[in-house]
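Participant: Provided below are the primary sequence and the corresponding predicted coordinates.
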Amino acid sequence: QVELVESGGELTQAGGSLRLSCVASGDIDSINNVGWYRRAPGKQRELVAVITNSGSTNYADSVKGRFTISRDNAKNTVYLQMNSLKPEDTAVYYCNAETGKRGSGYYTTVDSWGQGTQVTVSS
């Protein structure tokens, strides 16, 4: 069983910064690709940023230059540093991770989602 817990979301003003954290726990030997998604009211969920197990990153055009995704493998944690926040960044932010588990002669992966953390940016 794998659990992802997001934190760091809160109410902030436009131009401000927040850092979201996603901590993975449970039956894990490795954390592979991790993505941050968001869902704004009345909109579909969108991919914000992704980081691979080798550290490669990719961002949605709407957040490039403002958001940075990073990971600390020793802490099983992925971060999303959000700077120059805009009201349109208001959303529930979710962490999605593929984790791996090794056994005797096998390697299995699990895709998990966190419960989300609310980010609200006021104008």
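Facilitator: Happy to help now that I have it. Numbers count the residues shown, from 1 in each chain.
Participant: list of residues touching stretch 106-123?
Facilitator: Here stretch 106-123 makes contact (Cβ atoms under 8 Å, 6 or more residues apart in numbering) with 2-14, 16, 18, 20, 22, 24, 32, 38-39, 82, 85-101. No exception for glycine: its C-beta is placed from N, CA and C like everyone else's.
Participant: which among these end up buried?
Facilitator: Among these, those classed as buried by 16 or more other Cβ atoms under 10 Å are 2, 4, 6, 8-9, 12, 18, 20, 22, 24, 38, 82, 85, 89-99.
Participant: among those residues, which ones are in helices?
Facilitator: Per DSSP state H, helices hold no members of the buried ones among the contacts of stretch 106-123.
Participant: for the chain, which segments count as strands?
Facilitator: Using DSSP state E, the strands of the chain run over 2-7, 11-13, 18-26, 30-39, 46-51, 57-59, 67-72, 77-82, 91-103, 106-113, 117-122.
Participant: partner strands of the longest one, with direction?
Facilitator: To tie it back to what came earlier, the one meant is strand 91-103. Counting by DSSP bridges, the strands paired with strand 91-103 are strand 30-39 (antiparallel), strand 106-113 (antiparallel), strand 117-122 (antiparallel).
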